[in-house]
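In: just a sequence and a predicted model for now, questions to come.
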Amino acid sequence: AQSVTQLGSHVSVSEGALVLLRCNYSSSVPPYLFWYVQYPNQGLQLLLKYTSAATLVKGINGFEAEFKKSETSFHLTKPSAHMSDAAEYFCAVSPGNQFYFGTGTSLTVIP
Amino acid sequence: DTEVTQTPKHLVMGMTNKKSLKCEQHMGHRAMYWYKQKAKKPPELMFVYSYEKLSINESVPSRFSPECPNSSLLNLHLHALQPEDSALYLCASSPRFEGKTQYFGPGTRLLVL
């Protein structure tokens, strides 16, 4: 069975601090991996995706994620948090013809 | 253009009403999806259309009826809904069905009274 685990349903960081949102997946085949962001009362916006090219993937708004096969992880990072980064973040995996979302991590940025 | 549009943005309906949600994309994508999302939860897949044919129905109650009139348009017909059906309904599309990036619309916020 395929699944995605996001450790930490709530993460708080100070403005300017490092953002680290964790995502681990289980998949029997190399998957496609995605990070989406959802601002209040909006749809999901694609931040970045891994499709087996480079293991370090750069996305929009200064975010990046590193695919680590040995750790089955795809953690999302941003060097310096901005107030506008406060949102819900979803990791997703697509090993085939399905799409599996993690439970989400709510990011709070403290001024 | 990576835009998926959804109308209406907000909808309030009674349990005896019939209403429809509309989703449109002009990216040439051949797979389209309906999701239901409750507050602070991930989206739950409802239906998938691939090449205008229903590919997946995740055991959704018959009071939800999807329709794909053409490759750009996806509708969700609603009838006799329950208050627990109140949620954000998201439409998404992808170039094809199978592991490809899904692009989401802004959603329709539905309230059933």
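Out: Received the coordinates, thanks.
In: next up, the contacts around the spatially most central residue of chain B.
Out: Geometric centre of chain B, nearest residue: residue B:34, 3.0 Å, by Cα atoms, centre = their mean. With contact taken as Cβ atoms under 8 Å, 6 or more residues apart in numbering or on different chains, residue B:34 is in contact with B:23, B:45, B:46, B:47, B:66, B:74, B:76, B:89, B:90, B:91. Just so you know, the C-beta spots here come from the backbone N, C-alpha and C atoms, and that holds for glycine as well.
In: now with 6 Å, please.
Out: Going by Cβ atoms under 6 Å, 6 or more residues apart in numbering or on different chains, residue B:34 touches B:46, B:47, B:76.
In: need phi/psi at the residue of chain B found nearest chain A.
Out: Using Cβ to the nearest Cβ, residue B:42 is the residue of chain B that sits closest to chain A, at 3.7 Å. In terms of degrees, to the nearest 10, the main-chain angles of residue B:42 are phi -70, psi 160.
In: list the beta-bridge partners for the closest residue to chain B within chain A.
Out: Distances between chain A and chain B by Cβ to the nearest Cβ are smallest at residue A:101, namely 3.7 Å. Note on residue A:101: beta-bridge partners residue A:92, judged by DSSP bridges.
In: and for the one 4 residues further on?
Out: On DSSP bridges, the residues paired with residue A:105 through beta bridges are residue A:89.
In: sorry, back to before: isn't there a helix covering the residue nearest to the centre of chain B?
Out: No: counting by DSSP: H, G, I helix; E, B strand; the rest coil, residue B:34 falls outside a helix, being strand.
In: quick one: end-to-end length of stretch B:54-62, please.
Out: Between the opening and closing residues of stretch B:54-62 there is a gap of 14 Å (Cα to Cα, to the nearest Å).
In: got it, and stretch B:54-66?
Out: Distance between the two ends of stretch B:54-66: 9 Å, counting by Cα to Cα.
In: ok, and what's touching that stretch?
Out: Residues outside stretch B:54-66 that contact it (Cβ under 6 Å, 6+ apart): B:45, B:46, B:47, B:48, B:76, B:77, B:79, B:80, B:81.
In: stretch A:42-61 and chain B in contact?
Out: Yes: counting by Cβ under 6 Å from any Cβ of the partner chain, chain B has neighbours in stretch A:42-61: A:42, A:43, A:44, A:49.
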